[in-house]
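> from the sequence below, what's the structure:
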Amino acid sequence: MHTLITAQAILEIEDRHASGVYSKKPIVLVRGRGTRVWDIEGREYLDCATGMGVALVGHANEHVVRAITEQAQRLLTCPDGHFYNDARAALIEKLFEIAPKNLKRVFLCNTGTEAIEGAIKFARGFTKKPGIIAMMRGFHGRTLGALSATWNPKYREPFEPLVPQFSFVPFGDIEKLESAITDETAAVLLEPVQGEGGVHVATVEYLQAVRRLCSQKNILLILDEIQTGFGRTGRLFACEHAQIEPDILCLSKSMGGGVPIGAVLLREDIKLEKAEHGSTFGGNPLACAAARATIEYILERDLVRQAREHGAYFLSRLKELEGFGPVRQARGLGLMLGLELKEKSAPYLTKLIEHGILALQAGPTVMRFLPPLEISRAEIDHVIETLQKIF
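Numbers count the residues shown, from 1 in each chain. Now for the predicted structure:
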């Protein structure tokens, strides 16, 4: 049982010893169930942030908790680099039941940024070329390789020089992309829906054109579906909206139902040599059991359809706010939604918290909504009514 029983004591401990890289809201969350979380003082919140899109199947999902509990009593660690494991094999089998059919291999890791790092290494190692073309407004992580593929200068500049041979083109501009390709280009890296960059959705035509271009130029297409994967956009993977298949697919966030896990899915011919990459905790049995349970729950409850239908309803309700008060535009796909304002969004997100709703920023002026896939229409209506009040 925790001995720190007051919010103030917990805030003081974390603030005194924190690295300083985070700016937190003064709320101590201690419990969650489904679409709701509670703070230490018992106040309830409707969670449309879900740990930056992590709690896709809700908080304390019983199916995931059961799988974690059973696996924790059997075996917690088993290095992927040394031994085989039943929980890992079961996850891999389930993963390739739902993955794009051209992808046949997987490297399991722990986080989204680690998946991007792995994808960069696989692309460079396989093609023997250094060049990676990424998108303006794209966000892929904060470790040095992933940061090199992240466009926003505020993240990049304090740590330059970064990994060389990364370039950026406008998201959605196929002509600029084609002109940026050189003989040194290994891969194109993009998010089908830019999350941190403001919830910008790639058109079907653009994604199909990028796929054709990469095939024609014999370069790899890396899709970052770390935030869009596992049904968030109303398809299991956002690339399915455009009926394309990537050469490398990066996954994480919601994959483990709240437990850290990531994956790099690869075409069968894309390989590195033995010991050229690795991860101590990648593919550990606990995370694998959680991820398999998460996927099973999504499929058994038909949550992809629910995300598609409730996402369309949520977006239609958000669009009703366009032109109202500070609201400029609503956009998104499935249950990955953004509301762009004419002014900074942070004060309005604080007001939402005061009304018992958690949401996220996506750039300085965008409010981002990433609720669990089982959010109800009544809960969506509550969000809209609350937004009307604070605007």
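> any idea how the chain splits into domains?
7-60+302-390, 64-300 (automatic domain parsing).
> average pLDDT across the last one?
Spelled out, that is domain 64-300. Across domain 64-300, pLDDT averages out at 97.
> for Ile133, helix, strand, or coil?
strand (DSSP: H, G, I helix; E, B strand; the rest coil).
> wait, what's in contact with it?
Counting by C-beta atoms under 8 Å, 6 or more residues apart in numbering, Ile133 touches Phe166, Ser167, Phe168, Val169, Leu177, Ala180, Ile181, Thr185, Ala187, Val188, Leu189. All C-beta spots, glycine's among them, are computed from the backbone N, C-alpha and C.
> pretty sure the second one sits against Leu177.
Translated: Ser167. No. Look at Ser167 against Leu177 with C-beta atoms under 8 Å: they stay out of range, at 10.2 Å.
> who has more neighbours, these two?
Leu177 (21 against 13; other C-beta atoms under 10 Å).
> starting at the chain centroid, how far to the helix or strand where the more buried one lies?
Taking DSSP states H and E as the definition, Leu177 sits inside helix 174-180. Put simply, helix 174-180 sits 26 Å off its chain's centre (C-alpha atoms, centre = their mean, to the nearest Å).
> then stretch 307-319?
19 Å.
> now Pro192: how far from Asn102?
16 Å (C-beta to C-beta, to the nearest Å).
> what do you get for Lys274?
For Lys274, the distance to Asn102 - C-beta to C-beta - is 24 Å.
> what of Ile120?
In terms of C-beta to C-beta, Ile120 sits 20 Å off from Asn102.
> the residue nearest the centre of the chain: what's it in contact with?
The chain has Gln227 as the residue nearest its centroid, 1.9 Å off, counting by C-alpha atoms, centre = their mean. If a contact means C-beta under 8 Å, 6+ apart, then Gln227 has Met52, Gly53, Gly112, Glu191, Val193, Gly195, Lys253, Met336, Leu370 as its contacts.
> could you do Gly32 as well?
Neighbour list for Gly32: Trp38, Asp47, Ala55, Gly58, His59, Ala60 [criterion: C-beta under 8 Å, 6+ apart].
> what sits against the fifth one?
Applying C-beta under 8 Å, 6+ apart, we find His59 in contact with Gly32, Arg33, Gly34, Thr35, Arg36, Val37, Asp47, Thr50, Gly258, Pro372.
> from those, pick the one nearest Gln361.
Each of those was scored against Gln361 by C-beta to C-beta, and Thr50 proved nearest at 14.4 Å.
> just the pLDDT for the closest residue to that closest one other than its chain neighbours.
Once flanking residues are discounted, Thr50 sits nearest to Leu370: 5.3 Å by C-beta to C-beta, 6 or more residues apart in numbering. With respect to pLDDT, Leu370 has a value of 98.
> now the strands for the stretch 51-200 of the chain?
In the stretch 51-200 of the chain, the segments counted as strands under DSSP state E, counting those that start in this stretch are 103-109, 131-135, 166-169, 185-190, 193-194, 200-201.
> now the ones you listed as CSV including distance to Glu379?
Output for these, formatted as CSV (distance: least, C-beta to C-beta, whole Å):
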stretch, distance to Glu379
strand 103-109, 33
strand 131-135, 33
strand 166-169, 38
strand 185-190, 32
strand 193-194, 22
strand 200-201, 23
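> which SS state does Gly229 fall under?
coil.
> thinking again about what came up before, buried subset of the contacts of Ile133?
Phe166, Phe168, Val169, Leu177, Ile181, Thr185, Ala187, Val188, Leu189 (16 or more other C-beta atoms under 10 Å).
> could I get the residues you listed in TSV, plus columns for distance to Asp381?
Compiled in TSV, the buried ones among the contacts of Ile133 are given as follows (distance: C-beta to C-beta, whole Å):
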residue	distance to Asp381
Phe166	44
Phe168	40
Val169	40
Leu177	40
Ile181	47
Thr185	48
Ala187	43
Val188	40
Leu189	38
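> hang on, the earlier thing: how about the residue nearest to Thr50, what does it touch?
Cys48, Ala49, Thr50, Met52, Gly53, Gln227, Arg232, Leu335, Met336, Leu337, Leu360.
> between those residues, which is nearest Thr203?
Nearest to Thr203 among the contacts of Leu370, with distances taken as C-beta to C-beta, is Met336, at 15.5 Å.
> no further questions, thank you.
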